[in-house]
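K.L.:
Predicted model and sequence below, questions to follow.
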Amino acid sequence: MNYYPYFLIIFVLILSLPLVMILTSKIVRFIAGYTNQTSDSIYECGEPSVENSWTKIPIGYFKVALIFILFDIELVFVFPWILSLSNPSPEIYLSFITFIVILFLGWIYAYKKGFLKWEM
């Protein structure tokens, strides 16, 4: 059977749902005529701003975040390997050792470049 039309319908619905929700909220607000300042006040938005929101964020935050994502994704690849150990073979061990070596080389590269140093 050809499931592509069903997939296309679901895909369009998923993409259009947020747009429909935003437009519905704008239309209801326009019809109701909410123009008071209560909804724009700090009460609904959190704490008042202390400083300008356009401050420079140190690059160290982004470097650490990228390294964290790298090692976090590594765990996603380790779990299927662990599940495949019910039927062990030399190819499974070789593939995992290759993966760990490549990951370790990436860690050494990041260390040598100084990406793991916390600088402000």
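P.N.:
Cool, got the structure. Numbers count the residues shown, from 1 in each chain.
K.L.:
C-alpha only now, for contacts and for neighbours.
P.N.:
Will do.
K.L.:
Would you mind checking the average pLDDT for whatever helix or strand residue 98 lives in?
P.N.:
Residue 98 belongs to helix 90-113 when assigned by DSSP states H and E. Averaged across helix 90-113, the pLDDT comes to 86.
K.L.:
Go through that helix and flag the buried ones.
P.N.:
Buried residues in helix 90-113, defined by neighbour count with 16 or more other C-alpha atoms under 10 Å: residue 107.
K.L.:
So what's the residue count around residue 21?
P.N.:
When counting by other C-alpha atoms under 10 Å, one arrives at 11 neighbours for residue 21.
K.L.:
Looking at the protein, which residue reaches furthest from the middle?
P.N.:
residue 33 (37.0 Å; C-alpha atoms, centre = their mean).
K.L.:
Can you give me the distance of that residue to residue 23?
P.N.:
As judged by C-alpha to C-alpha, to the nearest Å, residue 33 and residue 23 stand 15 Å apart.
K.L.:
again with residue 12
P.N.:
From residue 12 to residue 23 the distance is 16 Å (C-alpha to C-alpha).
K.L.:
Check which helix or strand the spatially most central residue of the chain maps to.
P.N.:
Centroid check for the chain by C-alpha atoms, centre = their mean gives residue 69 as the closest residue, at 8.9 Å. Per DSSP H and E, residue 69 falls inside helix 59-83.
K.L.:
coming back round to it: check contacts around the residue nearest to the centre of the chain.
P.N.:
With contacts defined as C-alpha atoms under 8 Å, 6 or more residues apart in numbering, residue 69 is in contact with no residue.
K.L.:
I am finished for the moment; much appreciated.
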